[in-house]
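>>> Sequence first, predicted model second:
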Amino acid sequence: MAKKSKQTDAKAELEALGKQTRKAVEALVAEVREVAEELRSRTTAAAPVTSKVETVDFWFDPICPWAWMTSRWMLEVEKVRPVRTVFHVMSLSVLNEGRDLPEGYRTLLDKGWAPVRVALAVEEQYGQEQLRAFYTAIGTRIHPGQEGFTRDVLEAALRDVGLPPELADAGEVGDNDEALRASHHQGMDPVGQDVGTPVIHVGDVAFFGPVMSPAPKGEEAGRVYDGVLALASYKGFFELKRTRTVDPIFD
């Protein structure tokens, strides 16, 4: 009888110990969960908010070396800032219609119709991404490559990006010049007619430039973008300029 009593007592003690252990484990689990939740809250609060990608609308004429330099800068900015450049066509030939110009520059502008017409045809028929690619292709051939902008060069640039070379036909006719002028004025009207290309719009902020050589790269490109946008965003700002001492440096 005494032996049985001892067994009963031992069993009771084990059960009591088990209950205590379960309670301790449950309390520990609850504490761990509480700590984990607190850490999760802290992490969420400290996590950086994903920046909204800002659209930068960029108007260019393929024959302008300064617009080319600025476009290469914007592609660098895209690597270090949450921005996306959307390219649009303007025309130096349209801008300078009716103006008294030196004969050499007038001849250049007469030849300049074809590249902008072809660029617009690319955008209309194949979209923004192909315009972006075509501008890189034709700009590389015209500026660093110094190949000029004859029909052969236009066809070669079209082939570079997998587009039919027959699109170069658009450069020889003015059937779509109304749309070209509309694209031109969409970019140029907000900044006035006393400027050329490049023209940039960021939301309601529109400005000519910046004109620079060589194009900054990496974080320096981002810092220049921050400064340009800050200055241009001030409604009372109109002009900041100094004499150019170098030609476009293509690298």
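Received it, and whenever you're ready, just let me know what you need.
>>> Please make it C-alpha for all contacts and neighbour counts, starting now.
Will do.
>>> What is the burial count for Pro115?
Residues lying near Pro115 (other Cα atoms under 10 Å) number 26.
>>> What's the first helix or strand after the host helix or strand of it?
Per DSSP states H and E: Pro115 is located in helix 113-126. Once helix 113-126 ends, the next helix or strand along the chain (criterion: DSSP H and E) is helix 128-142.
>>> Tell me where this structure has helices.
Remark: helices assigned in the chain by DSSP state H are 2-46, 65-80, 92-95, 103-111, 113-126, 128-142, 151-160, 177-188, 218-232.
>>> tell me the angle the helix holding Pro115 makes with helix 177-188.
Between the axes of helix 113-126 and helix 177-188, defined by axes from the mean of the first three to the mean of the last three Cα atoms, to 10 degrees, the angle is 90 degrees.
>>> got a pLDDT number for the residue lying closest to His143 once chain neighbours are set aside?
Nearest residue to His143, sequence neighbours excluded (Cα to Cα, 6 or more residues apart in numbering): Pro65, at 6.3 Å. Looking at Pro65, its pLDDT is 96.
>>> Can you get me a residue count around Pro65?
Pro65 has 22 neighbours, counted by other Cα under 10 Å.
>>> Was I right to think it contacts Pro248?
Yes. Using Cα atoms under 8 Å, Pro65 makes contact with Pro248 at a distance of 6.7 Å.
>>> How about the residue minimising distance to the centre of the chain: which residues does it bridge to?
A centroid search over the chain (Cα atoms, centre = their mean) returns Arg84, at 2.3 Å, as the residue closest to the centre. Beta bridges link Arg84 to Thr55 when assigned by DSSP bridges.
>>> My guess is it contacts Glu78. True?
Yes. Counting by Cα under 8 Å, Arg84 touches Glu78, with 6.1 Å between them.
>>> which residues touch the residue nearest to Val228 when sequence neighbours are not counted?
Nearest residue to Val228, sequence neighbours excluded (Cα to Cα, 6+ apart): Pro210, at 7.6 Å. For Pro210, the contacting residues are 70, 198, 228, by Cα atoms under 8 Å, 6 or more residues apart in numbering.
>>> Narrow those to those that are buried.
70, 198 (16 or more other Cα atoms under 10 Å).
>>> and which of the contacts of Pro210 is nearest Arg132?
The nearest member of the contacts of Pro210 to Arg132, counting by Cα to Cα, is Thr70 at 13.8 Å.
>>> Roughly how far does Glu239 sit from Glu54?
Per Cα to Cα, to the nearest Å, Glu239 is found 24 Å from Glu54.
>>> Which one's more surrounded, the two?
Each of Glu239 and Glu54 has its neighbours counted (other Cα under 10 Å); Glu54 has more, 14 against 9.
>>> so what's that one up against?
Residues in contact with Glu54 (Cα under 8 Å, 6+ apart) are 82-84, 202.
>>> With Thr55 as the reference, measure out to the residue nearest to the centre of the chain.
Noted for Arg84: a distance of 5 Å to Thr55, by Cα to Cα.
>>> buried set for stretch 78-96?
78, 81, 83-95.
>>> same question, stretch 175-189
Going by 16+ other Cα under 10 Å, stretch 175-189 has these buried residues: 180, 183-185, 187-188.
>>> got the contact list for that stretch?
With Cα under 8 Å, 6+ apart as the criterion, stretch 175-189 contacts 59, 88-91, 94, 116-117, 120, 199-201.
>>> now do 10 Å
Applying Cα atoms under 10 Å, 6 or more residues apart in numbering, the external contacts of stretch 175-189 come out as 57-61, 88-92, 94-95, 113, 116-117, 119-121, 124, 170, 174, 191-201, 206-208.
>>> Now, of those residues, which are buried?
57-61, 88-92, 94-95, 113, 116-117, 119-121, 170, 191, 196-201, 206-208.
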